[in-house]
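Colleague: Sequence below, structure please.
(chains A and B)
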Amino acid sequence: MKRYFGRKLLIYVITFFLAVTIDWLIPRLMPGDPIQNMLARAALNANAAERMYTYYTHAFQLDLPVWQQYLSFWNALLHGDLGISTYLFPTPVVDIIKAAVPFDIFLLLPAILLSWWAGNKFGAYAARTKRLDNTVLPIAYLLTATPYMWLGILLAWVFGIILGWLPIAGAYSYTMGTDLSWAFVGSVLKHWILPFLSLFLVGFGGWAIGMRNMIIYELEADYSHYLEALGAPRKLIRKYAFRNAILPQLSGLALQLGVIVAGALVTEVVFSYPGIGYLILSAIQNQDYFLVQGCFLFIIIGVLLANFLIDIAFVIVDPRTRKGMVGE
Amino acid sequence: MTRATKKKRNEFLYFAMRNNKLKIGAVIILFFLVLAAVGTLLTKNDPETFAGPMSSPPSAEFWFGTTFFGQDVFSQFVIGLRATFLVGAVGGGLATLIGMLVGFIGGYRGGVIDEGLNVMTNIVLVIPTFALLLIISAYFEVRGLFMESIFIGLTAWPWAARAIRAQTLSLRSREFVDLARISGMKPLRIVFSEIAPNMMSYLVMAFILQFGGAILIAATLDFIGLGPTQGFSLGIMMQYAVLWGALPLGSWWWFIPPGAAIATIVGALYFMNVGLDEVFNPKLRET
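Modeller: Next up, the predicted model:
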């Protein structure tokens, strides 16, 4: 188990280090000058603009040698300081992200967990059930092949425009205060349903197909045939097959996290849902160094953390990792 | 080719022709390929010019209706299909190629090289590559379709590399590979003439999956405005449709075809993949 976690942690640490380096490097290579952009919008006279420019250049440390910028970036990062947004000046990046994160968790956590659970259950049920295999599974293929944003657009069009049942923009009604009333909670839930549904459905299709294929592999394995020969009931064999098939599905979840994050991002764009995805888009459009860096870093940390949680789940589910029989 | 392998080929062909999943998938892909190839001949309208009335529903002249600006949606759609296939072929192809390179070298050589490649693979696997693509794309002011495909290929390979490495590892210790080694064959030749042909089905399937994956990633990038800065793609069509109020205007003909085409193409690819799996793996064939 030590070896298992040791290897995993090593990968995560290297990944984090690389990600922070890339994170620091790439926005600096972006075209345009953030301070210039910010001042252009403020429309000052030339003299004042120049003084402001030197002030902000210093404040953002763009006048220091590159390696010092890098080191102080790490230093600030480890102190929880991600700089100040140029686009929403003078709000610290950390505060902007903090305000967006709850929406992401609220949207993503149920969508990921529920689609994984329901997809696996359904896939296991559909495998080698001829009727379901031929009717529902083609739909699952279509679902998992659907671009997230298109499903979002379709749902918004059908339920928001044609039927007019659900709102299609924002996380809650803008005419409402954010005080905790029943009306507010209802509004939040109403705004949540459609983005959740588009994330859930795409994920559901993928997990169902994955599980269906895994179960068929397992049902053809020697142990299944042996059980069958012993006269074990079909239900028992399927139970064993399911327990074996769930392991690759669990590591599949870790592999899919990046894709799900991408999907959540565009879903948030479709529904103007104020999470990290929506934020990162406006940050890029406004060439906001610090906000892009912060969002990217947050996504990396989030994905690494989720990966680690899945590793722990693996140790619980798969006894071989506890005994050190599986290297990675 | 010996008689035995020829017979095996014929057997695969026999099961391939009988496999409905494979056939249905292939027909769908073929249909869209032909449409992408000859589609521009079916319409006389340029995708960019404001040829017709604004936001008009499908008609005899404009098969898929017109955009908010009066552009022909069908001609945009056909151009977009081409972009989709290009991204799939180049992005998916490059990803499979890198995956093969990393997988073969790591799996066959083993040792420190394998260890290093493995760590690299795991790192790229853990990084949410879409976030990476996003930042890189935003860096370029002018972006091309080809460049987009290359970037997608450069970030999508780890999954294939992992699968190919595992297969190579298991094939490496087989007797026929030992025999080739004893007879003095060079490692590169062993990989390409002994190992690769024996996992051809694997490689084909990896390519198909990467092809579909690249299409989806490209559509996602295009949708948030980080796609090619010139020309059309199915993702860009959806971006414009949402941006210019196709939803409140009810111009369903503008946003439904591009997304439906992507879902159908990628779905057909996945479907073909399962069919191929059944062709190559007798255990999976339905009785």
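Colleague: For the host helix or strand of B:G106, name the packing helices and strands.
Modeller: Per DSSP states H and E: B:G106 is located in helix B:73-109. Helix B:73-109 sits against helix B:20-42, helix B:111-126, helix B:145-156, helix B:158-172, helix B:200-223, helix B:234-243, helix B:252-280, with contacts defined as 3 or more CB pairs under 8 Å, 6 or more residues apart in numbering or on different chains; DSSP states H and E. C-betas here are computed from N, CA, C, even on glycine.
Colleague: Quick one: those as JSON lines, columns for distance to chain A and mean pLDDT too.
Modeller: Shown next, in JSON lines, are these (distance: least, CB to the nearest CB, whole Å; pLDDT from 0 to 100):
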{"stretch": "helix B:20-42", "distance to chain A": "9", "mean pLDDT": "87"}
{"stretch": "helix B:111-126", "distance to chain A": "5", "mean pLDDT": "87"}
{"stretch": "helix B:145-156", "distance to chain A": "9", "mean pLDDT": "91"}
{"stretch": "helix B:158-172", "distance to chain A": "7", "mean pLDDT": "87"}
{"stretch": "helix B:200-223", "distance to chain A": "5", "mean pLDDT": "90"}
{"stretch": "helix B:234-243", "distance to chain A": "6", "mean pLDDT": "88"}
{"stretch": "helix B:252-280", "distance to chain A": "3", "mean pLDDT": "89"}
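Colleague: Of all the ones you listed, which one is nearest A:L180?
Modeller: helix B:234-243 (32.3 Å; CB to CB).
Colleague: Apart from its neighbours in sequence, what residue is nearest B:V87?
Modeller: With CB to CB, 6 or more residues apart in numbering or on different chains as the criterion, B:V87 has its nearest non-adjacent residue at 4.2 Å, and that residue is B:A218.
Colleague: again, but for A:T146
Modeller: Per CB to CB, 6+ apart, closest to A:T146 is B:A263, 4.3 Å.
Colleague: In this structure that neighbour contacts A:M149, no?
Modeller: No. The pair B:A263 / A:M149 is not scored as a contact, 11.4 Å apart, by CB atoms under 8 Å.
Colleague: ok, now which ones touch the most centrally placed residue in chain A?
Modeller: With distances taken as CA atoms, centre = their mean, A:V261 lies nearest the centre of chain A, 2.7 Å away. Residues near A:V261 by CB atoms under 8 Å, 6 or more residues apart in numbering or on different chains: A:I299, A:G302, A:V303, B:P128, B:F130, B:A131.
Colleague: now, which of those residues lie within helices?
Modeller: If you go by DSSP state H, those have A:I299, A:G302, A:V303, B:F130, B:A131 in helices.
Colleague: State the helix or strand in which A:V202 lies.
Modeller: helix A:182-219.
Colleague: Could you figure out how far that helix is turned away from helix B:252-280?
Modeller: 20 degrees (axes from the mean of the first three to the mean of the last three CA atoms, to 10 degrees).
Colleague: Give the rounded mean pLDDT of helix A:182-219.
Modeller: The average pLDDT within helix A:182-219 is 87.
Colleague: re the thing from before, have a look at B:A263 and A:M149 and say which one is more surrounded.
Modeller: A:M149 (28 against 23; other CB atoms under 10 Å in any protein chain shown).
Colleague: What sits closest to that one if chain neighbours are left out?
Modeller: Nearest non-adjacent residue to A:M149 (CB to CB, 6+ apart): A:V266, at 4.2 Å.
Colleague: What is the burial count for the one you found?
Modeller: 28.
Colleague: Report pLDDT for it.
Modeller: For A:V266, the model assigns a pLDDT of 89.
Colleague: can you pull the contacts of it?
Modeller: Taking CB under 8 Å, 6+ apart, one finds A:P147, A:Y148, A:M149, A:G152, A:G277, B:T220, B:F223, B:I224 in contact with A:V266.
Colleague: Are we agreed that B:M54 is in a helix?
Modeller: No. Read with DSSP: H, G, I helix; E, B strand; the rest coil, B:M54 is coil and lies in no helix.
Colleague: Against chain A, how distant is it?
Modeller: 19 Å (CB to the nearest CB, to the nearest Å).
Colleague: show me what contacts the nearest residue in space to that residue that is not next to it in sequence?
Modeller: Among residues not flanking B:M54 along the chain, B:G70 sits closest, at 4.7 Å (CB to CB, 6+ apart). Going by CB under 8 Å, 6+ apart, B:G70 touches B:F50, B:A51, B:G52, B:P53, B:M54, B:S55, B:S56.
Colleague: And for the second one, nearest residue in space, chain neighbours not counted?
Modeller: Leaving aside its sequence neighbours, B:A51 sits nearest to B:N45 (CB to CB, 6+ apart; 4.4 Å).
Colleague: thought the one you found was touching B:D72?
Modeller: Yes. B:N45 lies in contact with B:D72 (CB under 8 Å); the separation is 3.7 Å.
Colleague: Up against chain B, what does the stretch 51-200 of chain A have?
Modeller: Along the stretch 51-200 of chain A, the residues adjacent to chain B under the rule CB under 8 Å from any CB of the partner chain are A:130, A:138, A:141-142, A:144-151, A:153-154, A:156-157, A:160-161, A:168.
Colleague: Mind doing that once more with 7 Å?
Modeller: A:Y141, A:L142, A:T144, A:A145, A:T146, A:P147, A:M149, A:W150, A:I153, A:A156, A:W157, A:I161 (CB under 7 Å from any CB of the partner chain).
Colleague: Quick check: the residue of the stretch 1-150 of chain A nearest chain B.
Modeller: A:W150 (2.9 Å; CB to the nearest CB).
Colleague: State the mean pLDDT of the host helix or strand of that residue.
Modeller: Assigned by DSSP H and E, A:W150 falls within helix A:148-155. Helix A:148-155 shows a mean pLDDT of 91.
Colleague: now what about that helix, what contacts it?
Modeller: A:194-195, A:197-199, A:201-202, A:263, A:266-267, A:270-271, B:220, B:223, B:238, B:242, B:247, B:255, B:259, B:262-263 (CB atoms under 7 Å, 6 or more residues apart in numbering or on different chains).
Colleague: can you check stretch B:144-158 too?
Modeller: B:83, B:86-87, B:90-91, B:94-95, B:98-99, B:102, B:121, B:124-125, B:129, B:132-133, B:136, B:210, B:213-214, B:217-218, B:221, B:227-228, B:231.
Colleague: So which bits of it are buried?
Modeller: B:L145, B:E148, B:S149, B:F151, B:I152, B:G153, B:L154, B:T155, B:A156, B:W157, B:P158 (16 or more other CB atoms under 10 Å in any protein chain shown).
Colleague: how far away is the fourth one from A:I26?
Modeller: To tie it back to what came earlier, the one meant is B:F151. Per CB to CB, to the nearest Å, B:F151 is found 12 Å from A:I26.
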